[in-house]
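Participant: Okay, predicted coordinates and the sequence, questions at the end:
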Amino acid sequence: KRRHGGVTDFEIKVPEAELKQQQHTKDTFNLVLGIIAGISLLVGGIGIMNIMLVSVTERTKEIGLRMAIGARKYDIVQQFLAEAVMLSSGGGLTGVVLGIVVSKLISGYFHIPTIFTFISLIIAFAFSVAVGLIFGIAPAKRAARQNPIESLRYE
């Protein structure tokens, strides 16, 4: 005030409060994105499970034939889990590629830097494989529990 002749024509801001608000906004945004990702994984998992259940129903005769010629329940479970994992791996790979392309487009068009690391891509892909594995268990077990004789009669 002494240098300004006793007049308060200035203000002193401490950016600590603004930094805290900015961090809170980022944390909220990350939480919302995490919830959206979780819901997406759940919906994707349910979709995979439904596809695999339909596959089990449509291939009842094949399952009965495999069991009749010596396939164990473990073999049937392994086959259907492998199919579920392959299905989710394809989706995960597509998601990773689309994520990279969209982030590059956003970065180039809006001049907003987007950052992703190799480990984040691996984690995203691993989550998609895990979703396929987890949601493929029920259809695989259902396929393995079928009675071979009734399965061979199925039309």
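Facilitator: Nice, I can see it.

Participant: Now the helix or strand hosting residue 97: buried residues?
Facilitator: If you go by DSSP states H and E, residue 97 is part of helix 73-110. Within helix 73-110, the residues scored as buried using 16 or more other Cβ atoms under 10 Å are 76-77, 79-81, 83-85, 87-88, 91-92, 95-96. The C-beta positions use only the backbone N, C-alpha and C, and glycine is treated the same way.

Participant: Any buried residues in the helix or strand harbouring residue 133, and which?
Facilitator: Using DSSP H and E, residue 133 maps to helix 118-144. Using 16+ other Cβ under 10 Å as the test for burial, helix 118-144 gives 121, 125, 127-129, 131-133, 135-137, 139-140, 142-144.

Participant: that older thread, quick one: which of the buried residues of helix 73-110 is nearest residue 64?
Facilitator: Residue 64 lies nearest to residue 76 out of these, by Cβ to Cβ, at 10.2 Å.

Participant: got the contact list for the closest residue to residue 148 other than its chain neighbours?
Facilitator: Spatial nearest neighbour of residue 148, excluding adjacent residues (Cβ to Cβ, 6 or more residues apart in numbering): residue 67 at 3.9 Å. If you count contacts by Cβ atoms under 8 Å, 6 or more residues apart in numbering, residue 67 has them with 73, 76, 146, 148, 151.
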